[in-house]
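Novice: the following comprises the amino acid sequence and a computationally predicted model.
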Amino acid sequence: MLAALIVGGPMVAPAIAQVASSAPAASAAPAASAAPASDASSAPASAAPASSAPAAAATPPVKLDSGDTAWMLTSTALVLMMTIPGLALFYGGMVRKKNVLDTLAQSFVITCLVTVLWMIVGYSLAFTTNPDAGINKWIGAWSGPASRVLMKGSIGGVSSLAATIPESVFMCFQMTFAIITPALICGSFAERMKFSGMILFMSLWLLCVYCPIAHWVWGGGFLGAGGVLDFAGGTVVHINAGVAGLVTALVLGKRKGLGHENMAPHNLVLTMIGASLLWVGWFGFNAGSAVTSSALAGSAFMNTQVATATAALAWMVVEWIERKKPTLLGLCSGAVAGLVAITPASGFVNPVGSLIVGIAAGVGCYGGAVWVKKIFKYDDALDAFGVHAVGGLIGALLTGALADAAVNSAGAMHSVLTQAKGVVWTIGWTAVGTFIILMICKFTTGIRVSEEAEVEGLDLALHGETVHD
């Protein structure tokens, strides 16, 4: 299956054509042209050197910064912690006891699966420069000297998007983003998807949905070049995952017994621990996206803390007014909403901006997770759409409204309309791509468990084990 995906995945990219010419690999670009991932929208690393001299003669020796490298190694570990154990526990505590192991296994197997696919071909599709400028608007290189398939040519080099750290570190940092994004989708279809169908779905989704969008925004594609600002993943990660989650939930249908059986979280202690791990790990997510140990990383760090705390309080206040009691689940959900919304804005807004983002996220995501779901009656089981898509939308648009050039010069040309363009492209590609992939899975592995398995519980039915004997 993996071999088929590796060969067939890149073929779905739009406008793919065979090219005869080649361009220098990203790692061979001059250090002076490099820009951190957060600045990819204002300085995409897609231009080849003007000189026709051999790359070895034109490229100065690689000069790595030990401080930047140490920070990025730390950030990579923090972001990996967000999925395992953070998201696994956050989601695992919110499902019924008979499905907790299946929920944990989803996060764990996605971590393993994406790691392999990212190293083989995903990173190359997302973060290299395609020799054909027309194709590079849509997808990176999958062959030739510019590609990083199987990470060929990366040893000892740097990426033009992160010129002060080894390319291996940059690749692993971006890998952790690619890991958590599909894992977030699991919250929408919790307690009812086949494990085999989920594995096939996530494999195809990574290559055909996540990699193109990551390239559009961060890898030199048309959205980043067009001025769309996304510091750490409002569109690439959260809107992407949230919309995919909603489509998957709608295709699968509601859980059996929803509205009639007790589906309360089985262990909110696990959920609180998971939310706390997400909060701590998110500093690597946002501050790490500066790709340097710098003042910009410090601003993103501070904005992340302020917006998260503010959103948790805002959610609590709204819930307290409506339901007369503040809940631990509400506080945790509000904190995650703040983390989501500040993600695209963390390296662009000032402290006042982070407060505004936090308030909007707490109130807006409460509405998305409670009011909107109640009106339209879809089964977004763990509110992946209500928190991640809605929070990502709020953060992306407010980035256009609140970006401060004093924090990041890339925000000087901020525009709500430009941000909206990025949101629309992300929603459209994700919705259509996710639906097509689900149809492929439906007629191959199948996507929904049997009624008997759902009643018995997925832990026993799919994995043959339970939390307690």
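Specialist: Okay, I see it. Please read these numbers as outputs of a predicted model, since none were measured by experiment.

Novice: now the nearest residue to Leu460 once chain neighbours are set aside: which helix or strand?
Specialist: Spatial nearest neighbour of Leu460, chain neighbours left out: Thr466 (5.9 Å); criterion: C-beta to C-beta, 6 or more residues apart in numbering. All C-beta atoms are positioned from the backbone trio N, CA, C, and that covers glycine. Here Thr466, judged by DSSP states H and E, is contained in no helix and no strand.

Novice: can you report how many residues neighbour Thr466?
Specialist: Residues near Thr466, counting by other C-beta atoms under 10 Å, number 13.

Novice: gap between it and Val280?
Specialist: 30 Å (C-beta to C-beta, to the nearest Å).

Novice: ranges for the helices of the stretch 351-469 of the chain?
Specialist: 351-366, 373-376, 384, 390-402, 416-442, 451-456, 458 (DSSP state H, counting those that start in this stretch).

Novice: pick the most deeply packed of the ones you listed.
Specialist: helix 384 (a mean of 28; mean count of other C-beta atoms under 10 Å).

Novice: mind listing what Ile239 touches?
Specialist: His388, Ala389, Gly392, Leu393, Ala396, Val423, Thr426, Ile427, Thr430 (C-beta atoms under 8 Å, 6 or more residues apart in numbering).

Novice: what of His238?
Specialist: Contacts of His238 (C-beta under 8 Å, 6+ apart): Leu184, Val340, Thr343, His388, Ala389, Gly391, Gly392, Gly395.

Novice: part of a strand, is it?
Specialist: No. Counting by DSSP: H, G, I helix; E, B strand; the rest coil, His238 falls outside a strand, being helix.

Novice: quick check: the closest residue to it other than its chain neighbours vs Thr399, distance?
Specialist: Closest residue to His238 apart from its sequence neighbours, by C-beta to C-beta, 6+ apart: Gly392 at 3.2 Å. Note on Gly392: its distance to Thr399, by C-beta to C-beta, is 11 Å.

Novice: between those two, which contacts overlap?
Specialist: Gly234, Pro344.

Novice: circling back: contact partners for the residue nearest to His238?
Specialist: Gly392 neighbours (C-beta under 8 Å, 6+ apart): Gly234, Thr235, Val237, His238, Ile239, Asn240, Gly242, Val340, Ala341, Thr343, Pro344.

Novice: for it, give its distance to Ala297.
Specialist: 21 Å.

Novice: how about the helices in the stretch 201-350 of the chain?
Specialist: Ranges of helices in the stretch 201-350 of the chain, per DSSP H, counting those that start in this stretch, are 211-218, 222-225, 240-252, 268-287, 295-323, 328-342.

Novice: quick one: the ones you listed as a markdown table, columns for distance to Gly86 too.
Specialist: Shown next, in a markdown table, are the helices of the stretch 201-350 of the chain (distance: least, C-beta to C-beta, whole Å):
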| stretch | distance to Gly86 |
| --- | --- |
| helix 211-218 | 21 |
| helix 222-225 | 28 |
| helix 240-252 | 15 |
| helix 268-287 | 3 |
| helix 295-323 | 14 |
| helix 328-342 | 10 |
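
Novice: a markdown table please, covering those helices and showing mean pLDDT.
Specialist: Converted to a markdown table, the helices of the stretch 201-350 of the chain look like this (pLDDT from 0 to 100):
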| stretch | mean pLDDT |
| --- | --- |
| helix 211-218 | 98 |
| helix 222-225 | 96 |
| helix 240-252 | 98 |
| helix 268-287 | 98 |
| helix 295-323 | 98 |
| helix 328-342 | 98 |
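
Novice: and Ala105, which of these is closest to it?
Specialist: helix 268-287 (14.7 Å; C-beta to C-beta).

Novice: may I see the buried residues of the closest one?
Specialist: 268, 270-275, 277-279, 281-287 (16 or more other C-beta atoms under 10 Å).

Novice: what's the weakest-modelled helix or strand in this structure?
Specialist: helix 55-58 (a mean of 38; mean pLDDT, DSSP states H and E).

Novice: surely Phe201 and Gly446 touch.
Specialist: No. Applying C-beta atoms under 8 Å, one finds Phe201 not in contact with Gly446, separated by 10.8 Å.

Novice: spit out the contact partners of the residue lying closest to Ser124 once chain neighbours are set aside.
Specialist: Leaving out its chain neighbours, the residue that sits closest to Ser124 by C-beta to C-beta, 6+ apart is Arg148, at 4.0 Å. Contacts for Arg148 (C-beta under 8 Å, 6+ apart) come out as Ala25, Ala26, Tyr123, Ser124, Phe127, Thr128, Ala141, Ser154, Glu167, Met171.

Novice: out of these, who's the most crowded?
Specialist: Thr128 (33 neighbours).

Novice: roughly how far apart are that one and Thr399?
Specialist: 26 Å.

Novice: Lys442 too?
Specialist: 36 Å.

Novice: cool, Phe195 as well?
Specialist: Taking C-beta to C-beta, one finds Phe195 at 37 Å from Thr399.

Novice: before we move on, what about Lys325?
Specialist: 34 Å.

Novice: who's in contact with the residue nearest the centre of the chain?
Specialist: With distances taken as C-alpha atoms, centre = their mean, the residue of the chain nearest its centroid is Val237 (2.5 Å). With contacts defined as C-beta under 8 Å, 6+ apart, the neighbours of Val237 are Phe177, Ile180, Thr181, Leu184, Thr343, His388, Gly392.

Novice: my guess is Tyr366 meets Gly334, correct?
Specialist: Yes. Here Tyr366 reaches Gly334: they are 7.2 Å apart, a contact under C-beta under 8 Å.

Novice: list the contacts for the closest residue to Val423 other than its chain neighbours?
Specialist: The shortest distance from Val423 to any non-neighbouring residue, by C-beta to C-beta, 6+ apart, is to Ala396 (5.4 Å). When the contact criterion is C-beta under 8 Å, 6+ apart, the partners of Ala396 are Asp230, Gly234, Thr235, Ile239, Pro344, Gln419, Gly422, Val423.
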